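**Q** For reference, the sequence and a predicted model appear below.
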2 protein chains.
Amino acid sequence: MSTTLNNCRALDAHDPLRGLRDQFVLPEGVIYLDGNSLGVLPKTAAARVADVITREWGQDLIRAWNSAGWFHLPRRLGDKIAPLVGAGAGELVATDSTSVNLYKVLSAALSIAAEDTPGKKTVVSERSNFPTDLYIAEGLCRERGYRLQLVETDGIAAALNGDAAVLMLTHVNYRTGAMHDMAALTDAAHQAACLAVWDLAHSAGAVPVDLRGAQADFAVGCGYKYLNGGPGAPAFVWVNPRHADRFQQPLSGWWGHAAPFEFTPGYRPAPGITRYLCGTQPILSLAALECGLDVFCAAQSLGGMAALRAKSLALTDLFIELVEQHCAGHGLALVTPREHAQRGSQVCLSRGEGAYAIVQALIKRGVIGDFRAGDGAGHADILRFGFTPLYTGFEDVWHAVGHLKQVLQTGEWKTAEFNQKNTVT
Amino acid sequence: MSTTLNNCRALDAHDPLRGLRDQFVLPEGVIYLDGNSLGVLPKTAAARVADVITREWGQDLIRAWNSAGWFHLPRRLGDKIAPLVGAGAGELVATDSTSVNLYKVLSAALSIAAEDTPGKKTVVSERSNFPTDLYIAEGLCRERGYRLQLVETDGIAAALNGDAAVLMLTHVNYRTGAMHDMAALTDAAHQAACLAVWDLAHSAGAVPVDLRGAQADFAVGCGYKYLNGGPGAPAFVWVNPRHADRFQQPLSGWWGHAAPFEFTPGYRPAPGITRYLCGTQPILSLAALECGLDVFCAAQSLGGMAALRAKSLALTDLFIELVEQHCAGHGLALVTPREHAQRGSQVCLSRGEGAYAIVQALIKRGVIGDFRAGDGAGHADILRFGFTPLYTGFEDVWHAVGHLKQVLQTGEWKTAEFNQKNTVT
């Protein structure tokens, strides 16, 4: 029996997480399915940042480093992210950008590999990994005399044999939404005497992650996607405690020093994850990120990541079902895996032509997803839809598919208006 | 004839820059002489950031990358910083932290040196340089096989002979307020086939800087000191156009890519300074920084950096004069050079004992300067006072010295309250 609008409304009515939606600003007339690119605004953020500006900065000024606890923000926020990714308290800091943090941990991983497995000279990653991760790896490999080997997903296991020193993967693929088995791949890497570095940009806050359980070596992640930390929010970095004291990452700035206020000329790295801090952090942006994290604290009593995951799968299952039911015959193909264990919190549809224009036509109708171009080498253009269980509702899914169906049936996407590409998407 | 309070009031009354003070929030009962550590709040910042949060982020969401121009912020802000430091439009970007930017440019400088002067294997800096700069240099030198040679100020010229590949200096010393002759030292470096890297953390917005005139090679600077960009505001990075296209800095993230939205797996650096961008930047903090920079735009019609410099010297001259007049016999010694050409926009006083407690007693009275510890090797503890010509008044100077005199005469600083050190200062 087909799912109806009333079924969707009933799912919302019985959703134990439904109350969390009220903690966010959701623009009138918008169905937002792009929280995997930029999460929505937590209602507390405007007042919180205003207080940081007018009282902490404006009135307390330099004294706020103590009085407002600015100095402790990277660790305090880290401790709020830790339970979302299976890390312990004090093991993670919020700081810098994902790319900069990846540079730190990949550097550290290569330094460890150079000592422990000096004969191995390859970093393995996926060709379909997020490009900025590959750019960082490309530069570091050149600098350190390593080879960057890019493989297809089904070639990862084979690539671990032999020369692989570090396996660097993004847990949930940014294009397809396909999710790796972190525990199995980390274990395979370790069996091959290879370190495992994970990018959790599309995982943290969206799917359960168990870094300690998987015995992962290093991880980084993003603050502005599913964590709803605001545009360009600081990212995070985690290092397995067994490595944290062992290596000094190359961005050796004052905030990672063992005694940052002694102003001594020689660098002594702080113990543990603190040495992965570098320069002074953007306090306003950290304050906004904390508002996003506090919603997850509230979600803990409602079942936490397990409940969020259950809802996420229900949302993406529903979207897939409704697209197949209502949009059949319009050239869309499901790219995201159907198997729950292999799916993140987004659904991607490929289309031979018109993907960009269809996304633009949907945006005009208030349904915000995004477009990712194909690579001309086997990957088609895709329409990408992210589902954030904190605030996306089942009725949203119903209406989103309804609009998609209308865009396809009317052919309105074929007009010139929707076919002019902006530089920034 | 001694300067009087009325003289100071007359100086304020005739100060052509006096109106700029109204563009800032200055807390009631506070004389703020710590703008060299964290600048005060521009009045426009609260509303501007609120608009970024509620409208751009909250309503426009991902579309704001285009509609609100987020993608152009690092360059747009860079173009507002450029005239303050003698750089051209399109040569400078606001991004990341000063430490991270120093890592980028010192890496690039070492890469150039490795090609152009392969036999030279030393980076020269001052022992009294800001510690985080030395930490970054220490790490990079170890990584690249260079020696970091730390010299006293009067030994810089001699150290340029022979093995020096890169000279890395902070233009205005963070402790003493002493200012280098950038043109002369850069020229001396170039005569010795050595590159010159400048940190403008205590210069930008405080003293005139002419990077192009001096033919400097690389520069970085801070957004939250004299530029009043807010706590942890993004920093800036400049590369002389003759080098900008030549080298790829190691933090090769998406924002520095020639075609960041093509999502191609290979890194192609963007032309010019754009390749010195890396990951996604904290938009809220960039928005606040722009409010600080806009005050400098307003200052342009009032004489710009030349007028600000004249006032800065008048303020620091007055402070030195009043301290010597009113606080003689209390063990204070002037550390900052008397010669204008060698003075930044701060005045430092050393004292054999009690410097920390005296600063605390002053803060209790509402006069906010700061303390920097001696190094036990010739540098005594100091009291540090920064003067920001955009908002510091001559009457402020009068009252600040009056409080200092009273703290010293009463001996109130000797109480336990002022002698317990906080971790963060």
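**A** Yes, it's here.
**Q** from here on, contacts and neighbour counts on C-alpha atoms
**A** OK.
**Q** My guess is residue A:306 contacts residue A:208. True?
**A** Yes: assessed by Cα atoms under 8 Å, residue A:306 is found in contact with residue A:208 at 6.7 Å.
**Q** more crowded one of those two?
**A** residue A:208 (19 against 13; other Cα atoms under 10 Å in any protein chain shown).
**Q** where does the stretch 151-300 of chain A come near chain B, residue by residue?
**A** Residues of the stretch 151-300 of chain A found near chain B (Cα under 8 Å from any Cα of the partner chain) are A:230-234, A:250-254, A:261-267, A:278-285.
**Q** Any of those buried? List them.
**A** Among these, those classed as buried by 16 or more other Cα atoms under 10 Å in any protein chain shown are A:230-234, A:250-254, A:261, A:263-265, A:267, A:278-285.
**Q** List the buried residues for the lengthiest helix in chain A?
**A** Looking across chain A with DSSP state H, the single longest helix is helix A:304-326. Across helix A:304-326, burial judged by 16+ other Cα under 10 Å covers A:304-305, A:307-309, A:311-316, A:318-320, A:322-324.
**Q** and what of stretch A:63-72?
**A** For stretch A:63-72, by 16+ other Cα under 10 Å, it's A:63-65, A:68, A:70-71.
**Q** Stretch A:101-120 now?
**A** A:101-113, A:117, A:120.
**Q** what's in contact with it?
**A** A:95, A:133, A:136-137, A:140, A:144, A:162-166, A:193-195, A:197, A:199, A:218-220, A:235-237, A:239, A:247-251, A:276, B:251 (Cα atoms under 8 Å, 6 or more residues apart in numbering or on different chains).
**Q** From those, which land in strands?
**A** A:164-166, A:195, A:197, A:199, A:218-220, A:236-237, A:239 (DSSP state E).
**Q** Show me the two of those residues that sit farthest apart.
**A** A:164 and A:236 (25.7 Å; Cα to Cα).
**Q** Comparing those two, which shows the higher neighbour count?
**A** residue A:236 (30 against 25).
**Q** Check that one and give its pLDDT.
**A** Per-residue confidence (pLDDT) for residue A:236: 98.
**Q** would you list every one of the helices in chain A?
**A** A:5-13, A:45-51, A:64-67, A:73-81, A:98-116, A:131-144, A:156-159, A:182-191, A:211-214, A:241-244, A:283-300, A:304-326, A:355-364, A:394-410.
**Q** contacts for the helix-or-strand element of chain A with minimal mean pLDDT?
**A** Lowest by mean pLDDT, DSSP states H and E among the helices and strands of chain A is strand A:370-372, with a mean of 93. With contacts defined as Cα under 8 Å, 6+ apart, strand A:370-372 is touched by A:34, A:175, A:355-356, A:359, A:381-385, A:425.
**Q** Point out where the stretch 1-150 of chain A drops to low pLDDT.
**A** Applying pLDDT under 70 to the stretch 1-150 of chain A flags no residue at all.
**Q** With the stretch 151-300 of chain A instead?
**A** Using pLDDT under 70, the stretch 151-300 of chain A has no residue that qualifies.
**Q** Neighbours of the residue nearest to residue A:275 when sequence neighbours are not counted, how many?
**A** Nearest residue to residue A:275, sequence neighbours excluded (Cα to Cα, 6 or more residues apart in numbering or on different chains): residue A:256, at 4.0 Å. A total of 26 residues lie near residue A:256 under the criterion other Cα under 10 Å.
**Q** Now do the contacts for the spatially most central residue of chain A.
**A** When Cα atoms, centre = their mean is applied to chain A, the residue found nearest the centroid is residue A:201 (2.0 Å). Contact analysis of residue A:201 by Cα under 8 Å, 6+ apart lists A:98, A:170-172, A:220-223, A:225.
**Q** Also residue A:127?
**A** Residue A:127 touches A:150-152, B:265, counting by Cα under 8 Å, 6+ apart.
**Q** Please check the residues you listed and keep the buried ones.
**A** The buried subset of those (16+ other Cα under 10 Å) comprises A:150-151, B:265.
**Q** Just the closest of those residues to residue A:348, please.
**A** residue B:265 (19.8 Å).
**Q** pretty sure the closest one is touching residue A:135, no?
**A** Yes: judged on Cα under 8 Å, residue B:265 makes contact with residue A:135 at a distance of 7.2 Å.
**Q** How is chain A partitioned into domains?
**A** Following automatic domain parsing, one gets these domains for chain A: A:5-32+A:304-418, A:50-298.
**Q** So which of those domains has the densest surroundings on average?
**A** domain A:50-298 (a mean of 22; mean count of other Cα atoms under 10 Å in any protein chain shown).
**Q** Cross-check the contact I'm expecting between residue A:145 and residue A:121.
**A** Yes: between residue A:145 and residue A:121 there is a contact at 7.4 Å, judged by Cα under 8 Å.
**Q** if we can go back for a sec, what sits against the residue nearest to residue A:275?
**A** A:269-270, A:274-278.
**Q** And the residue of the stretch 251-400 of chain A that's closest to chain B?
**A** Nearest residue of the stretch 251-400 of chain A to chain B: residue A:282, at 4.1 Å (Cα to the nearest Cα).
**Q** how close does that residue get to residue B:229?
**A** For residue A:282, the distance to residue B:229 equals 10 Å [Cα to Cα, to the nearest Å].
**Q** so what's in contact with the two at the same time?
**A** Common neighbours of residue A:282 and residue B:229 (criterion: Cα under 8 Å, 6+ apart): residue B:285.
**Q** now what about stretch A:20-30, what contacts it?
**A** Contacts of stretch A:20-30 (Cα under 8 Å, 6+ apart): A:32, A:40-44, A:295, A:299, A:366-368, A:390-392, B:58-59.
**Q** Please apply the same query to stretch A:86-94.
**A** Under Cα under 8 Å, 6+ apart, the answer for stretch A:86-94 is A:73-79, A:81-82, A:209-213, A:234-241, A:272-274, A:276-277, A:286.
**Q** beta partners of the closest residue in space to residue A:196 that isn't next to it in sequence?
**A** Sequence neighbours aside, residue A:167 is the residue nearest to residue A:196 in space, at 4.9 Å (criterion: Cα to Cα, 6+ apart). Beta bridges link residue A:167 to residue A:124, residue A:196 when assigned by DSSP bridges.
**Q** is it true that residue A:167 touches residue A:192?
**A** No: with contact defined as Cα under 8 Å, residue A:167 does not reach residue A:192; the gap is 10.4 Å.
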